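Enquirer: heads up, no residue letters with this:
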């Protein structure tokens, strides 16, 4: 019988880092993404064509990994909280939210048709908005 030498450290598979440790390692990146998305979403309230809801949902998702305080604050917000909770629990969007998003995209499409001189920019943008609207209407309603 031959004795096997002990495995070399270089031959050993890398140790897997537990999930909480990985979250802590990149907490600053999640925190940064959460606050940047929240800021962009707030700007989107005032800038036509810049979506608000999408950035608020991204902020809530990133905050759940990087800032428990911000995540809880977003969930408790009277304007954003119900939409975030519906999305996180069921992937659902309210009928009012669907109509508001569709109306906003239609207004933006009208502004683009009127103001943007390049045809390919108009149709690419309107095509993207149409795709987003179609996807949005396939989301379930909250219970």
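Expert: Right, received. Where do you want to start? Remember, it's a predicted structure, so these values are computed and weren't measured experimentally.
Enquirer: With adjacent residues omitted, what lies nearest to the most centrally placed residue in the chain?
Expert: Residue closest to the mean C-alpha point of the chain, counted by Cα atoms, centre = their mean, is residue 58 at 2.6 Å. Closest residue in space to residue 58, ignoring its immediate chain neighbours: residue 37 at 4.2 Å, by Cβ to Cβ, 6 or more residues apart in numbering. Yep, even glycine has a C-beta here, placed from its N, CA and C like the rest.
Enquirer: Okay, now the unreliable bits of the protein?
Expert: 1-24 (pLDDT under 70).
Enquirer: Would you map the helices across it?
Expert: 19-25, 27-46, 53-66, 68-76, 81-90, 95-115, 119-138 (DSSP state H).
Enquirer: between the second one and helix 68-76, how big is the angle?
Expert: Read that as helix 27-46. 30 degrees (axes from the mean of the first three to the mean of the last three Cα atoms, to 10 degrees).
Enquirer: Give me the contact list for helix 27-46.
Expert: Helix 27-46 is contacted from outside by 23, 50-56, 58-60, 62-63, 65-67, 70-71, 74, using Cβ atoms under 8 Å, 6 or more residues apart in numbering.
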